[in-house]
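Chemist: okay, sequence plus prediction incoming.
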Amino acid sequence: MNASGSLTALEGCLDRVTFYNPENHYTIAKFRPRGAQSAITVVGFMPEPTAGEFLKLDGTWETHARYGQQLKIIRFEVLLPATIDGIRKYLKSGVIKGLGAKTISRLIRHFGDQTLVVIESAPEKLMDVKGIGKAIAKQISESWKSHHAVRCLMIFLQNHGISLAYSGRIFKQYGAAAVDILKDHPFRIACDMPGIGFYIADRIARHQGALSDDPLRIRACILYLLEQAASDGHMFMTGHETLRKCARLFDIDAESASAAMLALSDEGLVVREAMHDPGSDPGSGQGGDPDSSSDSNEGCEQALYLSSLYRAETGIALRLKAFLSVPVKPPDIDQEQMTREILARLAIQLSSEQQAVLEEILLHHIAIITGGPGTGKTTLIRSIAAICDRLRQKTILSAPTGRAARRLSEVARKKAATLHKLLGYNLEQNDFEKDEDDPLDVDVMIVDEASMVDSQLMFHLLKAVPVTATLILVGDVFQLPSVGPGNILSDLIRSGAIRTFELKEIFRQAEKSPIIVNAHRVRQGKLPDLEKGPSEALSEFYFIEQYQPETVVKTIVELCSRKIPERFGLDPVRDIQVLSPMHKGTVGTIQLNQVLQEALNPQSSPGAGIQFRPADKVMHLKNNYAKEVFNGDIGVISEIDMGKRRLSVNYDERLVDYESEELEDLILAYAISVHKSQGSEYPAVVIPLMPQHHPLLQRNLLYTAITRGKKLVIIVGTRQALDTAVKNDKPGNRLSLLDQRLKGEI
């Protein structure tokens, strides 16, 4: 057996398949090397592995914490048997669906050791065999092709140095034609699979001899760069930055890249907009004619948009201007009536600040309420809804995510729904049913957690809300911006075009909370007050200083498994949430989930290759309206049925079943990212903060993490990392021209 890390080549037979994921072809199997007395465990990506197949494997040895030593497959090759006995055994393994023992015997009697050659290369000859007609011959041929198409794709990817982990997604996209498409039109995948597609296409094309200045490559490169910018939250890239990245990352000269930009613009795939004063911040420039050529804009910086994002940004600006242009009819209620109504319906006495907002907000077709924790935003939402009920106005409460909508419904004591559900999102068509032609039936619409709404969703929302209605956006502008591109709430406030009510007064009860006090300190760029330590009387906010990542992990496990439950009486799984800035690394969510799973749910897995266990805490990763579970929903696994390859998750006393192919929609959730926590609150949060998190040590990220805790917040890490996060207020600078459009500067 070779040393760990060195490449090992083996030939042998696949004894048994322990685990197989048909979505990505990840396999765990027992493999018996030629001449060996016992089988070894092999793991990696292989399509439809079948016991009895002969394989040639290249891989590296690694040691799994639970399953011991195993061979990680780097490359594989199916060794088709050449002898009659081998062919018979191979066909009986079930490699061709529906092929019975009698038919196999007749095939081998007729074709001998050429049986597999005939099936693959001359399937029409199969009809020469007694009992095999046209239909059966076609079935055999198609089953063979289907079985080997994925393998051909994987071998093709291997030969081009591309990870086999992508094979499942590529085959799902193109089917049996995958290899032909990648060979003949490699850059097609750059459009069909945004994100990873360009690098796959580029490697294939260059491997096949394509030149670096191939126009197809350059166009795909520019689209890829714009997609990456969008994934980082930007609405556009500047022309100069695009040219610089083309040259530095992909060896593309400026002249060729400029020509490609012009061609993409002519085809309507991108939009170029002139920005004056190229020496200033790109986000503060002014625009020009988006259709003008680079020659007519010589000397001006350009904003380069994906066309869909340009439509969203300009569409938002136009729609908002339409809202602002419609006269408002004042509501038929005075201040005294409002006060009596709120007291009667909610038993609440509003502050003078809240009362002033309530009196004025219904005088605008669109308005914003913002403020930090403890300033009474939710109380104001309840009050507005109560007044609207009194005025018999149809009011809708909504939020961007299922978690945020449920939380809003609980605190406002009124039904709330997700924006996607209200707008009639169609997953298959990736579009919304509600728009100007079929608008929402609403008089007043209140959107909570509006900082999470990205440009595309806001565009569709504004189209679906009648301009005669009132739209109220509520959110904390200091929290993390939306995951999708844009910085909508911040841009609207900065533009000055939308009436904004900022709640500044922290209520007396909230003033006593160290969580709220420290959240506001971070919001203002100040370090949290760390005077109280865990040895003193019970408090809500602690900082535990640790310098080594391994010690931080050990401390977090100790806090979650023993100290917090014992001292505060909180359930370690249900009530405590670890929030990490990053996924990778020793103190990232992936590693933390593994160690917390072992500490909080130390039972054996139900089967090899299954990372989940009964009673595991898990998170759902994408909206599924059929199951009524949404991106970020957290539940607990109630049952795992290995026979049916199915598990059930309990979401707030509602069981949801997952088939094996749906398991990629779930991840362990003992530790989650701060981004995934937006819109939720937890009794206790534990936040690792280390210098290793430097790329994401940001003030708004730390602020968002702290404000997720209702009763307890514990930060574990270094003061240096804490100081870095508080001082770093740059991430808000997403490239957008929305505020300039609203100001009329473009």
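Modeler: Great, that's in hand.
Chemist: what comes up buried for the lengthiest strand in the chain?
Modeler: Ranked by residue count, the top strand of the chain under DSSP state E comes out as strand 7-20. Within strand 7-20, the residues that qualify as buried are Thr8, Leu10, Gly12, Cys13, Leu14, Val17, Thr18, Phe19, Tyr20, counting by 16 or more other C-beta atoms under 10 Å. Backbone N, C-alpha and C define where each C-beta goes, glycine included.
Chemist: between those, which sits nearest Ser38?
Modeler: Gly12 (11.3 Å; C-beta to C-beta).
Chemist: could you find the closest non-adjacent residue to that closest one?
Modeler: Of all residues not flanking Gly12 in the chain, Pro33 sits nearest, at 4.1 Å (C-beta to C-beta, 6 or more residues apart in numbering).
Chemist: next, count neighbours for that neighbour.
Modeler: Other residues near Pro33 come to 17 when the count uses other C-beta atoms under 10 Å.
Chemist: what of Leu343?
Modeler: Neighbours of Leu343 (other C-beta under 10 Å): 12.
Chemist: how about it, what does it touch?
Modeler: Applying C-beta atoms under 8 Å, 6 or more residues apart in numbering to Leu343 gives the contacts Gln349.
Chemist: what's the distance between it and Ile361?
Modeler: Look at Leu343 and Ile361: by C-beta to C-beta, to the nearest Å, they are 19 Å apart.
Chemist: in the stretch 51-200 of the chain, where is pLDDT below threshold?
Modeler: 65-66, 94, 98 (pLDDT under 70).
Chemist: and the helix or strand hosting Tyr174, which residues are buried?
Modeler: Using DSSP states H and E, Tyr174 maps to helix 167-174. Buried positions in helix 167-174, judged by neighbour count with 16+ other C-beta under 10 Å: Ser167, Gly168, Arg169, Ile170, Phe171, Tyr174.
Chemist: next structured bit after the lowest-mean-pLDDT helix or strand in the chain?
Modeler: Least confident element among the helices and strands of the chain, by mean pLDDT, DSSP states H and E: helix 508-511 (a mean of 69). Going down the chain from helix 508-511, the next helix or strand is helix 514-523, by DSSP H and E.
Chemist: any idea how far the helix holding Tyr174 is from the chain center?
Modeler: 19 Å (C-alpha atoms, centre = their mean, to the nearest Å).
Chemist: give me the contacts around the helix or strand that that helix is followed by.
Modeler: Moving toward the C-terminus from helix 167-174, the next helix or strand (DSSP H and E) is helix 178-184. Here helix 178-184 makes contact (C-beta under 8 Å, 6+ apart) with 149, 152-153, 156, 170-171, 174, 188-189, 200-201, 204, 208.
Chemist: do stretch 260-269 as well
Modeler: 215, 218-219, 221-223, 239, 242, 270-272, 291, 293-294, 304, 306-307.
Chemist: can you say which of these are buried?
Modeler: Buried among the contacts of stretch 260-269 (16+ other C-beta under 10 Å): 218-219, 221-223, 239, 242, 270-272, 294, 304, 306-307.
Chemist: distance to Pro194 added to those residues, as TSV?
Modeler: Converted to TSV, the buried ones among the contacts of stretch 260-269 look like this (distance: C-beta to C-beta, whole Å):
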residue	distance to Pro194
Ile218	17
Arg219	14
Cys221	13
Ile222	13
Leu223	8
Gly239	21
Thr242	17
Val270	14
Val271	18
Arg272	20
Ser294	25
Leu304	16
Leu306	10
Ser307	14
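Chemist: export the residues you listed to JSON lines and tack on secondary structure, pLDDT and distance to Ala705?
Modeler: Shown next, in JSON lines, are the buried ones among the contacts of stretch 260-269 (DSSP: H, G, I helix; E, B strand; the rest coil; pLDDT from 0 to 100; distance: C-beta to C-beta, whole Å):
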{"residue": "Ile218", "secondary structure": "helix", "pLDDT": "93", "distance to Ala705": "41"}
{"residue": "Arg219", "secondary structure": "helix", "pLDDT": "92", "distance to Ala705": "40"}
{"residue": "Cys221", "secondary structure": "helix", "pLDDT": "93", "distance to Ala705": "36"}
{"residue": "Ile222", "secondary structure": "helix", "pLDDT": "95", "distance to Ala705": "36"}
{"residue": "Leu223", "secondary structure": "helix", "pLDDT": "94", "distance to Ala705": "34"}
{"residue": "Gly239", "secondary structure": "helix", "pLDDT": "95", "distance to Ala705": "37"}
{"residue": "Thr242", "secondary structure": "helix", "pLDDT": "96", "distance to Ala705": "34"}
{"residue": "Val270", "secondary structure": "strand", "pLDDT": "96", "distance to Ala705": "36"}
{"residue": "Val271", "secondary structure": "strand", "pLDDT": "97", "distance to Ala705": "37"}
{"residue": "Arg272", "secondary structure": "strand", "pLDDT": "95", "distance to Ala705": "39"}
{"residue": "Ser294", "secondary structure": "coil", "pLDDT": "41", "distance to Ala705": "44"}
{"residue": "Leu304", "secondary structure": "strand", "pLDDT": "97", "distance to Ala705": "34"}
{"residue": "Leu306", "secondary structure": "strand", "pLDDT": "96", "distance to Ala705": "31"}
{"residue": "Ser307", "secondary structure": "helix", "pLDDT": "97", "distance to Ala705": "36"}
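Chemist: closest one to Asp438 out of these, please.
Modeler: Nearest to Asp438 among the buried ones among the contacts of stretch 260-269 is Ser307, at 24.1 Å by C-beta to C-beta.
Chemist: okay if I get the buried residues of helix 167-174 as CSV plus distance to Leu71?
Modeler: Converted to CSV, the buried residues of helix 167-174 look like this (distance: C-beta to C-beta, whole Å):
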residue, distance to Leu71
Ser167, 19
Gly168, 21
Arg169, 24
Ile170, 24
Phe171, 24
Tyr174, 30
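Chemist: for PyMOL, what selects the buried ones among the contacts of helix 178-184?
Modeler: To isolate the buried subset of these in PyMOL, counting by 16+ other C-beta under 10 Å, use the following:
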select buried, resi 149+152+153+156+170+171+174+188+189+200+201+204
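Chemist: between which two of the buried residues of strand 7-20 is the distance greatest?
Modeler: The widest separation within these (C-beta to C-beta) is 22.3 Å, between Thr8 and Tyr20.
Chemist: for the protein, what's the longest helix?
Modeler: helix 134-159 (DSSP state H).
Chemist: that one - contacts with which helices or strands?
Modeler: strand 68-78, helix 115-121, helix 167-174, helix 178-184 (3 or more C-beta pairs under 8 Å, 6 or more residues apart in numbering; DSSP states H and E).
Chemist: against which helices or strands is the third one packed?
Modeler: Spelled out, that is helix 167-174. helix 134-159, helix 178-184, helix 188-192.
Chemist: could I get those helices in TSV, plus columns for distance to Asn624?
Modeler: Below are those laid out as TSV (distance: least, C-beta to C-beta, whole Å):
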stretch	distance to Asn624
helix 134-159	26
helix 178-184	27
helix 188-192	23
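Chemist: compare those and give me the one nearest Arg499.
Modeler: The nearest among the helices and strands packed on helix 167-174, by C-beta to C-beta, is helix 188-192 at 41.7 Å.
Chemist: starting at the chain centroid, how far to the closest one?
Modeler: Distance, stretch centre to chain centre, for helix 188-192: 20 Å (C-alpha atoms, centre = their mean).
Chemist: same question for stretch 115-131.
Modeler: The answer for stretch 115-131 is 48 Å, by C-alpha atoms, centre = their mean.
Chemist: contact partners of that stretch?
Modeler: So stretch 115-131 is in contact with 80-81, 87, 90-91, 96, 102-103, 106-108, 110-111, 132-134, 136-138, 140-141, 144, 148, going by C-beta under 8 Å, 6+ apart.
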